[in-house]
Structure formats: C-alpha cells, structure tokens
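> Take a look and give me a structure for this.
(one chain, ligands or ions: 1)
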Amino acid sequence: MSTPPDLELVSLTKRYGSTVAVDAINHHFHAGVYACLLGPSGCGKSSTLRMIAGHESVSDGSVVLGGADVSHLPPAKRGTAMMFQNYALFPHLSVTDNVAFSLKMKGVDTATRRKRALEMLELVDMTAQAERLPAQLSGGQQQRVALARALITQPQVLLLDEPLSALDPFLRIRMRSELKKLQRELGITFVHVTHGQDEALALADEIVVMNNAVIEQAGPAREVFNAPRTDFVARFMGGHNVVALPQGRVAIRSDRIGLTEPAQGRLDGRIVTIEYQGTAVTLNLRATGDQDIAALIPEEEFFANPLTEGATVGLTWDDAAMHPLRA
Ligand SMILES: Nc1ncnc2c1ncn2[C@@H]1O[C@H](COP(=O)(O)OP(=O)(O)OP(=O)(O)O)[C@@H](O)[C@H]1O
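Residues are numbered from 1 along each chain as shown. Sure, this is the predicted structure:
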C-alpha cells in the first residue's frame, strides 16, 4: 500500500448560530498515525470529526488532505471514511450486503463487490457470519461489520466517532486492541473520538485534547499524560495533582508523591481519607494552603508503616516531577 497522505486542519471553525463549537483549530496529523481526539462532552470533538468527514459543513478554515483542500468535497470524494457510534447498519441487509453497500452505490458489479466485501469480512474475522442480518450479531460483531463497511472504500483516513461506547467494558478492551492491530496492519491514519482517557492512552500514538472548542494540548500519549501544560489537561487526564507553589502552579503525578515526617517535606498534609486499591493505597490529604493532594503509595510500602486518617505527614517529590502549568 502506498504511504497515506498527511491530514491538516487549518484554522478550522464550526459555528451553529451563535454557538462556536470549534474555534479556529490548527493541527497536523502525520500520515499513518493513530490519533485520539479527547475531551469532555460538548468540547467540539464530534463537530471536528464530522467536518473532516464532510458530514458537516466548514464555517471557516479548511481540511487539507495530502496537500489538497477537501473542505467542500462530498464525503465519498475525500479519501476519508467514517465509522459511527451506533454503527448505522441497515437492518434488512445481510452482513455482506451491508459491507458492499457503498460499492453498489458506485455502480460496481455484483461479483466484484461481493468478492471485495468478503475480503473485508476476512480482515475483521467475520467470514462465518457473512450471511446473517445485523440483529443476529453481538455488539462486538456489529462493530466489526461497521469497520469492514467503512474500510471497503479504501480510505486514507478512517474517522471513528466513539467506536467502543456501545460495548460492555470487557468487550471494549478486547475491541480496542483489535482496532489498534488493524490500524497497524493497514498503515492508514485513524482519528478516533473519545471522552475516555484510558481509551486514548491505550490506543493513541498522538492525543489531541480539546476543551471549549479549542485544542488545549496535543502530543504523544506519554507526553500529554506526563507533562500536562494546563490545569484542565492535568485534571482531565487524571492521576495528577495541581499544586500552587510560590513559583506558580505545577502538576505532579500522585504516584510521584512520597511521604516523610511532618516538617521534613516540601509541604505538610493531614490525611483525610485512605482508600485501599489493591496494588496501591490512595491517601487524600489536605495540605498547607487548604490544597487537596492525592498520594498514591505502593501497597507494600504503605502497610510496612501504616498511617491512620487524621495523621499529619510531610510530602516530598523530585524537581523533575513538577510540570509548570500555563497561567
Ligand atoms: N447541530 C447542532 N446545532 C446546534 N448546536 C450544536 C449542534 N451540534 C453540536 N452543537 C453544539 O456544539 C458544541 C460541540 O458539540 P460536539 O457534538 O462537537 O461536542 P462533542 O465534544 O463531540 O460532545 P459529545 O462527547 O457530547 O458528543 C456543543 O455545545 C453542542 O451543543
């Protein structure tokens, strides 16, 4: 397969009446990346995805694929394909006919489209169910059919809107590793919308965090998690404390906080609650300056020297654990 093209969003804007859903965002998705658009409900992720797909008009700015402005092309002419949250399968068509549908619309002959549909079903391991109706499939199987249906058009970019949200937690984790494997095999760009931090961390080469219609931070998953640049990203990614220090606000991972004697650390904290979590214990502390701080202490370390609620401890961390936050 030839190298897929880069996808660029240039000052991309979506307005619905007076609501600005996407506010002049710029981003360059490198070809072949697995990117997750991550953010809370209403931040503009789906609007962004739908503008890339061509299912929503662009109010301003442009979508550029492989150097060409595709902002005003119809969805089928862009080189993108979209997989919807509810899969949108036709209930009266067999699995094979669902997958072959877009080729039928393009006037491809029956034998060719059946052959291509079966190839796609093989790719997603659904050959055995080829003649069933969607209602005769499990949620995970429906998702695979939806994937096969999106991939039959040989898109350069696959757009996925909350593709795992309809599945139960067990299946969600299984299907997420299948999505990742498929993306690696195909080598095309995946842009996957989710509001789940775990999902984004598990899947993404690159995480694009959106909030209030803008991109707050984008970068490799580990960089976004370990070095959040704003309060919002630190809190939304989870696992971090936002601490106000004389030099400014910093993010510190809760598992980077250590305990010492009172007055021997950087701050003192009173233990408000203790939560046992199996491999670790979370201490929720009220620290100097009325700041809430969570410290995640490995189980063995905690129980070697158990503490009780109400006790005061000193809190320590390395300089390298502090990530300054933008004001
Ligand atoms: N068709 C529409 N008409 C008017 N406002 C809309 C429309 N679609 C979305 N919006 C508004 O635009 C903003 C962004 O919506 P969008 O669906 O892009 O967010 P999202 O991050 O995908 O949220 P969710 O995770 O809940 O799907 C929201 O304030 C929403 O209410």
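
> List every C-alpha atom in stretch 64-80, with coordinates, as CSV.
Backbone C-alpha positions of stretch 64-80 (Å, rounded to 0.1, in the frame of the first residue of the first chain) are rendered in CSV as follows:
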residue,chain,number,x,y,z
VAL,A,64,-6.4,19.6,3.8
LEU,A,65,-5.6,16.0,2.8
GLY,A,66,-2.4,15.2,1.0
GLY,A,67,-1.9,18.9,0.3
ALA,A,68,-5.4,19.3,-1.4
ASP,A,69,-8.2,21.3,0.2
VAL,A,70,-11.1,18.8,0.5
SER,A,71,-13.3,21.1,2.7
HIS,A,72,-16.0,21.4,0.1
LEU,A,73,-15.9,17.9,-1.4
PRO,A,74,-18.7,15.4,-0.7
PRO,A,75,-17.8,12.7,1.9
ALA,A,76,-17.3,9.9,-0.7
LYS,A,77,-14.8,12.0,-2.7
ARG,A,78,-12.4,12.9,0.1
GLY,A,79,-10.5,9.7,0.7
THR,A,80,-11.9,9.5,4.2
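
> Can you tell me what sits against that stretch?
Under the contact criterion Cβ atoms under 8 Å, 6 or more residues apart in numbering, stretch 64-80 has outside partners 5-10, 51-55, 58, 61-63, 82, 102, 105-106, 153, 155-159. In short, each C-beta sits where N, CA and C put it, glycine included.

> Among those residues, which lie within helices?
The helices, defined by DSSP state H, take in 51, 52, 53, 102, 105 from the contacts of stretch 64-80.

> If you tally nearby residues, what's the number for the second one?
Right, the one you point to is residue 52. By the other Cβ atoms under 10 Å criterion, the neighbourhood of residue 52 contains 26 residues.

> ok, and for the longest helix seen in the chain, which residues are buried?
In terms of residue count, the longest helix belonging to the chain (DSSP H) is helix 169-186. Of the residues in helix 169-186, those buried under the neighbour-count criterion (16 or more other Cβ atoms under 10 Å) are 171, 172, 175, 176, 179, 180, 182, 183, 186.

> how about JSON lines for the residues you listed, with pLDDT and distance to the ligand added?
Putting those into JSON lines (pLDDT from 0 to 100; distance: Cβ to the nearest ligand atom, whole Å) gives the following:
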{"residue": "171", "pLDDT": "81", "distance to the ligand": "20"}
{"residue": "172", "pLDDT": "85", "distance to the ligand": "16"}
{"residue": "175", "pLDDT": "85", "distance to the ligand": "19"}
{"residue": "176", "pLDDT": "88", "distance to the ligand": "18"}
{"residue": "179", "pLDDT": "90", "distance to the ligand": "18"}
{"residue": "180", "pLDDT": "92", "distance to the ligand": "21"}
{"residue": "182", "pLDDT": "90", "distance to the ligand": "23"}
{"residue": "183", "pLDDT": "94", "distance to the ligand": "21"}
{"residue": "186", "pLDDT": "90", "distance to the ligand": "25"}
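
> Export those to a markdown table and append columns for distance to residue 234.
What follows is the buried residues of helix 169-186, written out as a markdown table (distance: Cβ to Cβ, whole Å):
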| residue | distance to residue 234 |
| --- | --- |
| 171 | 31 |
| 172 | 25 |
| 175 | 29 |
| 176 | 24 |
| 179 | 27 |
| 180 | 26 |
| 182 | 32 |
| 183 | 28 |
| 186 | 34 |
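
> Thanks again, I'm all set now.
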